[in-house]
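Participant: Build me a structure from this.
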Amino acid sequence: MKLTRSRAFLLLVLYAVLIGIWTWRFMPKSAHAAEIGDSQPTAQEGIAGWLAAAPQDTALPALLALARMPEEQVQILAAWLSFSPDRQIRQLTVQKAPIADLGPEWNAALLHTWLAQTPQIDLIEVHLMIAAAGDRVADNQRQAILEDLARRAQRQGDLVDAVTILGRACELPGATWETLRQLTMAARTARHTGPAQKALRLWIQRHADTEQDSLIEEAKDQAFSLMMEAGDVEEALSQQLAEFAGTAPYSEHALDRAWLAAQQARQGSRFLPYLERHLQSFSEHSLSIQALQQQSDISPNYLRWLSCYASICDDEQPNAVSFAAFLRLVAARDPRALPRLCALAKTPAQIEQLDEALNAALDCAETQSTVLQLAQTHPVAKRMLALRLRQAPYHRQLHYAATLAAAAAQSQGSASVLWQEFLRRFPDDVSARRRLIQAHLQDHQPAMALRAYAELPNQSLTEDDRHQMTILQQL
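Facilitator: Model (predicted):
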């Protein structure tokens with residue numbers, strides 16, 4: 001065995017204790033002491049050798065205490081050492097025996113040493129005896145021993161046993177977040193999440209009135225994740241909804257968990273009332289559709305939860321409810337909601353509202369490109385755009401954006417026609433002229449591209465333009 005620095009130190013302490021014992025032995029004694037003196041050093045030597053194998057923080061105090069131990073207690077300890085390991089652990093924990101009279105400090109030292117000295121033990125049985133030891137083992141020592149047993153189980157590959165033992169350790173009043181974290185990791189590895197879920201719930205209850213908000217939220221996240229991984233999706237949703245007992249607004253973390261569980265369980269309607277209550281806590285939710293369209297600053301959180309609300313309505317609510325939700329989402333300038341709003345518009349009243357929403361979205365930078373794309377395929381959007389273009393024949397930016405979107409949606413050969421039409425309305429538009437040149441080149445029409453180059457003003461020609469023109473003239 002390699003002699004480490006700590007073990008060498010323990011051996012020095014052991015020798016010092018033995019020297020003290022032998023010095024005491026050769027001192028003059030009474031007749032009664034002489035009768036038992038022959039056996040005392042031998043017993044203490046054996047005990048000291050056994051204690052030296054314990055962890056350093058356990059062995060050193062125990063060895064020092066051994067030197068001062070009354071001879072009657074030495075005999076009790078020596079007798080206990082002669083028993084089998086199974087009998088030893090039972091006497092330390094649950095059986096009535098003289099060894100228990102040595103006190104909790106000695107009991108803890110003997111337990112730590114027994115664990116270090118005993119290679120083959122039933123970890124589950126031992127942990128149950130440790131848990132049932134009552135006042136014989138202080139809670140902090142009980143927790144340390146249980147964590148030691150759990151590490152031993154992990155080293156042996158007994159992951160389920162490690163989870164069970166760590167779960168018991170987390171039930172103790174002094175359980176720390178680190179112990180809980182170890183339990184959660186082990187539970188995931190062992191795919192045995194029950195003890196971890198129970199321990200997390202207990203930890204949250206114990207710390208509910210403390211200021212450890214971040215750790216409490218992390219514990220809730222961990223408990224939720226374990227339930228989801230175990231397939232208890234509906235129960236996870238029920239637990240999350242139970243957190244919304246108070247008034248809105250609600251915690252973003254709690255909403256995130258409830259939203260995920262509602263999606264997985266396909267029970268969004270259970271979440272919907274709480275989500276609507278949360279939305280009502282935003283000032284934006286009290287605005288009309290027209291006022292919301294004019295709102296310059298919309299909360300990202302409002303937009304996010306309104307999107308979740310609309311998604312649930314789309315999956316589980318009637319068409320009228322879904323349409324109203326997406327109409328509000330479009331008014332809040334979410335471009336992703338526009339295609340779905342177009343698909344949901346069925347009745348004449350809804351089509352009229354859609355037309356108004358598309359008109360407003362066309363004037364908004366965030367949604368204009370989406371409206372122009374929809375105008376290539378959706379009849380209501382196409383009709384609305386055509387009317388707007390007729391009403392503003394010289395609105396260059398609107399016509400340019402509409403032509404750009406139409407050209408992107410057209411097949412090869414059509415883009416050049418669209419840009420030529422635009423240039424008839426805006427003949428001096430250099431940007432459109434360059435778009436026309438690119439369209440001719442994509443159509444493999446070099447002569448047409450060269451003609452379009454010739455119509456560019458000289459001051460607009462770059463070196464690249466002149467080089468391109470030279471190449472085209474040679475074709």
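Participant: what element comes up after the lowest-mean-pLDDT helix or strand in the chain heading to the C-terminus?
Facilitator: Scoring the helices and strands of the chain by mean pLDDT, DSSP states H and E places helix 31-37 at the bottom, with a mean of 45. Next along the chain after helix 31-37, taking DSSP states H and E as the criterion, comes helix 40-51.
Participant: Kindly format the C-alpha coordinates of that following helix as PDB.
Facilitator: This file holds the C-alpha atoms of helix 40-51, laid out as PDB (Å, rounded to 0.1, in the frame of the first residue of the first chain):
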ATOM      1  CA  GLN A  40      -4.800  -3.500  28.700                       C
ATOM      2  CA  PRO A  41      -1.900  -2.500  26.300                       C
ATOM      3  CA  THR A  42      -2.800  -5.400  24.000                       C
ATOM      4  CA  ALA A  43      -6.400  -4.300  23.800                       C
ATOM      5  CA  GLN A  44      -5.500  -0.700  23.200                       C
ATOM      6  CA  GLU A  45      -2.900  -1.700  20.600                       C
ATOM      7  CA  GLY A  46      -5.600  -3.600  18.600                       C
ATOM      8  CA  ILE A  47      -8.100  -0.800  18.900                       C
ATOM      9  CA  ALA A  48      -5.600   1.800  17.900                       C
ATOM     10  CA  GLY A  49      -4.600  -0.200  14.800                       C
ATOM     11  CA  TRP A  50      -8.200  -0.600  13.900                       C
ATOM     12  CA  LEU A  51      -8.900   3.100  14.300                       C
END
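Participant: Mind listing what's buried along that helix?
Facilitator: Residues of helix 40-51 classed as buried under the neighbour-count rule (16 or more other C-beta atoms under 10 Å) are 40, 43-44, 47-48, 50-51. Where you see a C-beta, it was placed from the backbone N, CA and C, and this is true even at glycine.
Participant: Could you do stretch 89-107 as well?
Facilitator: Applying a neighbour-count criterion of 16+ other C-beta under 10 Å, the buried positions in stretch 89-107 are 89-94, 97, 99-100, 102, 106-107.
Participant: Okay, and which of those residues map to helices?
Facilitator: 89-93, 106-107 (DSSP state H).
Participant: could those be laid out in JSON lines, adding distance to residue 124 and pLDDT?
Facilitator: JSON lines is the format used below for these (distance: C-beta to C-beta, whole Å; pLDDT from 0 to 100):
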{"residue": "89", "distance to residue 124": "13", "pLDDT": "89"}
{"residue": "90", "distance to residue 124": "15", "pLDDT": "92"}
{"residue": "91", "distance to residue 124": "19", "pLDDT": "89"}
{"residue": "92", "distance to residue 124": "17", "pLDDT": "87"}
{"residue": "93", "distance to residue 124": "14", "pLDDT": "89"}
{"residue": "106", "distance to residue 124": "26", "pLDDT": "81"}
{"residue": "107", "distance to residue 124": "21", "pLDDT": "82"}
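Participant: among those, which two are most distant?
Facilitator: Using C-beta to C-beta, those span at most 16.5 Å, a distance reached by 90 and 106.
Participant: Now residue 216: which helix or strand?
Facilitator: The secondary structure element spanning residue 216 is helix 213-229 (assigned by DSSP H and E).
Participant: Counting by contacts, list what that helix packs against.
Facilitator: Under the contact criterion of 3 or more C-beta pairs under 8 Å, 6 or more residues apart in numbering; DSSP states H and E, the helices and strands touching helix 213-229 comprise helix 177-190, helix 194-206, helix 233-242, helix 252-265.
Participant: Do you know the pLDDT at the one residue sitting closest to the centre of the chain?
Facilitator: Taking C-alpha atoms, centre = their mean, the centroid of the chain lies closest to residue 221, which sits 6.3 Å from it. pLDDT for residue 221: 94.
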